[in-house]
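Asks: missing the sequence, but the structure's below:
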């Protein structure tokens, strides 16, 4: 016995399908027809749940944005020395990227053709700016090397973190551990550098 | 008096137009008609210069690939301690990205639907592997911190470097200086880390 597919759909499962299709075809390249085919339900069934594809986009990127901004409210991001806080935020950002990989992938790929896309890009910039502010505070504390431009460093840090959506694939059950190791590696590379102390000392 | 446009075209200027259109529309999304419109010459005039869009793609990505592999033949990449060589290659890779921005952008975006795209991806992987080998050699010399996985570090390093094609825009005449500073910042961040020594020492 099979249950008709449309009965099994909830806004949440529809969202999962939509995010996958958006990431595969690009948001611009996705029509309601594509979503209907991928979900195996009629367009009118989709309209029963949402007003259209832009609502699906907004829900999907909201999930990524909310998870990212929630990091900034955690004690590790609020208390203590700026350098510790920015390392904490870096580690947690990688963890959120991994936990919400399809949603963050979509967020990073939006290009600004609709109101929702422009809003998502604006929120992303706000998050980047909050991290840049933390880096500036760490620099003011004398905890960041003075010979690196903060604006460039912020871009390179996010360049490194965001590249994860292009190459990171969870390793089945080991995803959790795997993700912790990755987050720690990003923090070590970005803040400690790859060189050992003696190699750095050799250099002068 | 105007000279008919097609008389002014050379394979080189046609390539410049093609690279721009490929980067704007994606290689898959570009037809000979698009190239003809962008270049302002007929399709048959284009066929006078090249066999088709795949030849234009091959020429464009070859230019990026050749420039990247040429780095590995430079004295700074061949002589000395592995850690110095890998820092040299990192710095020069950033410089090549900036000097050949449209071509490298195209190289990084190819997705493997045609023989030429698959060949380009394979060459990219070879280059990444050469850098990974240098990092391994530096680790064997004890010059890389032991608590960072080399494979992950290689991916993060290229993630950071390659992100440049998404956000870097040359600042008119100052491009050269600007690019040198950027290359140096990437090396400092990746190998030295953002923390000052005393902040790192505080940590234990």
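Replies: Yep, it's here. It should be emphasised that the depicted structure is a prediction, and the values quoted were computed from it without experimental measurement.
Asks: What are the buried residues along the lengthiest helix in chain A?
Replies: Of all segments of type helix in chain A, defined using DSSP state H, the longest is helix A:115-140. For helix A:115-140, the buried set under the neighbour-count rule, 16 or more other Cβ atoms under 10 Å in any protein chain shown, comprises A:116-117, A:119-121, A:123-124, A:127-128, A:130-132, A:134-139. C-beta here means a position set from N, CA and C on the backbone, and glycine is covered the same way.
Asks: overlap between those residues and the residues near chain B?
Replies: Residues of those in contact with chain B (Cβ under 8 Å from any Cβ of the partner chain): A:135, A:138.
Asks: just to revisit the earlier point, and the longest helix of chain A, how far from the chain's centre?
Replies: With Cα atoms, centre = their mean, to the nearest Å as the basis, helix A:115-140 stands 13 Å off its chain's centre.
Asks: list the helices and strands it packs on?
Replies: When contacts are defined as 3 or more Cβ pairs under 8 Å, 6 or more residues apart in numbering or on different chains; DSSP states H and E, helix A:115-140 sits against helix A:53-73, helix A:82-99, helix A:101-109, helix A:150-162.
Asks: between that helix and helix A:101-109, how many degrees?
Replies: Helix A:115-140 runs at 90 degrees relative to helix A:101-109, counting by axes from the mean of the first three to the mean of the last three Cα atoms, to 10 degrees.
Asks: Report the inter-axis angle for helix A:115-140 versus helix A:53-73.
Replies: Helix A:115-140 runs at 20 degrees relative to helix A:53-73, counting by the same axes, to 10 degrees.
Asks: State the distance from residue A:69 to chain B.
Replies: 22 Å (Cβ to the nearest Cβ, to the nearest Å).
Asks: so who does that residue touch?
Replies: A:123, A:127 (Cβ atoms under 8 Å, 6 or more residues apart in numbering or on different chains).
Asks: how about low-confidence regions in chain A?
Replies: A:1-8, A:172-177, A:197-204 (pLDDT under 70).
Asks: can you list the domains in chain A?
Replies: A:5-50, A:61-203 (automatic domain parsing).
Asks: looking at the ones you listed, which is closest to residue B:146?
Replies: Closest of those to residue B:146 is domain A:61-203, at 7.8 Å (criterion: Cβ to Cβ).
Asks: Distance of residue A:21 relative to chain B?
Replies: Taking Cβ to the nearest Cβ, one finds residue A:21 at 17 Å from chain B.
Asks: same question but for residue A:78, I mixed them up
Replies: From residue A:78 across to chain B, the span is 19 Å (Cβ to the nearest Cβ).
Asks: ok, now residue A:164?
Replies: 7 Å.
Asks: check contacts around the spatially most central residue of chain A.
Replies: Chain A has residue A:104 as the residue nearest its centroid, 3.5 Å off, counting by Cα atoms, centre = their mean. Applying Cβ under 8 Å, 6+ apart, we find residue A:104 in contact with A:64, A:68, A:96-97, A:165.
Asks: let's see it at 6 Å
Replies: Counting by Cβ atoms under 6 Å, 6 or more residues apart in numbering or on different chains, residue A:104 touches A:64, A:97.
Asks: same deal with residue A:127?
Replies: residue A:68.
Asks: Chain A against chain B: which residues are in contact?
Replies: Contact residues, chain A versus chain B (Cβ under 6 Å from any Cβ of the partner chain): A:83, A:143-145, A:148, A:152, A:155-156, A:159-160, A:163, A:167, A:185, A:188-196, A:199.
Asks: Can I get the buried part of these as one ChimeraX selection?
Replies: Buried residues within the residues of chain A next to chain B, by 16+ other Cβ under 10 Å, are selected in ChimeraX with:
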select /A:83,143,144,145,148,152,155,156,159,160,163,185,188,189,190,191,192,193,194,195,196,199
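Asks: Distance-wise, check the nearest residue to residue A:196 once chain neighbours are set aside relative to residue A:31.
Replies: Leaving out its chain neighbours, the residue that sits closest to residue A:196 by Cβ to Cβ, 6 or more residues apart in numbering or on different chains is residue B:145, at 5.3 Å. Using Cβ to Cβ, to the nearest Å, residue B:145 is found at 49 Å from residue A:31.
Asks: likewise residue A:60?
Replies: Residue A:60 is 16 Å from residue A:31, by Cβ to Cβ.
Asks: same deal with residue A:91?
Replies: 39 Å.
Asks: who's more crowded, these two?
Replies: Higher neighbour count among residue A:91 and residue A:31: residue A:91, with 19 against 13, using other Cβ atoms under 10 Å in any protein chain shown.
Asks: Assess the claim that the more buried one and residue A:188 are in contact.
Replies: No - assessed by Cβ atoms under 6 Å, residue A:91 is found out of contact with residue A:188, at 10.0 Å.
Asks: Residue A:103 is in contact with residue A:63, correct?
Replies: Yes - with contacts counted by Cβ under 6 Å, residue A:63 reaches residue A:103, the gap being 4.7 Å.
Asks: More neighbours: which of those two?
Replies: residue A:103 (26 against 18).
Asks: residues contacting that one?
Replies: A:60, A:63-64.
Asks: contacting residues for residue A:89?
Replies: Applying Cβ under 6 Å, 6+ apart, the residues contacting residue A:89 are A:71, A:77, A:131.
Asks: Once you drop chain neighbours, what's closest to it?
Replies: residue A:77 (5.1 Å).
Asks: gap between stretch A:36-53 and the chain center?
Replies: With Cα atoms, centre = their mean, you get 26 Å for stretch A:36-53.
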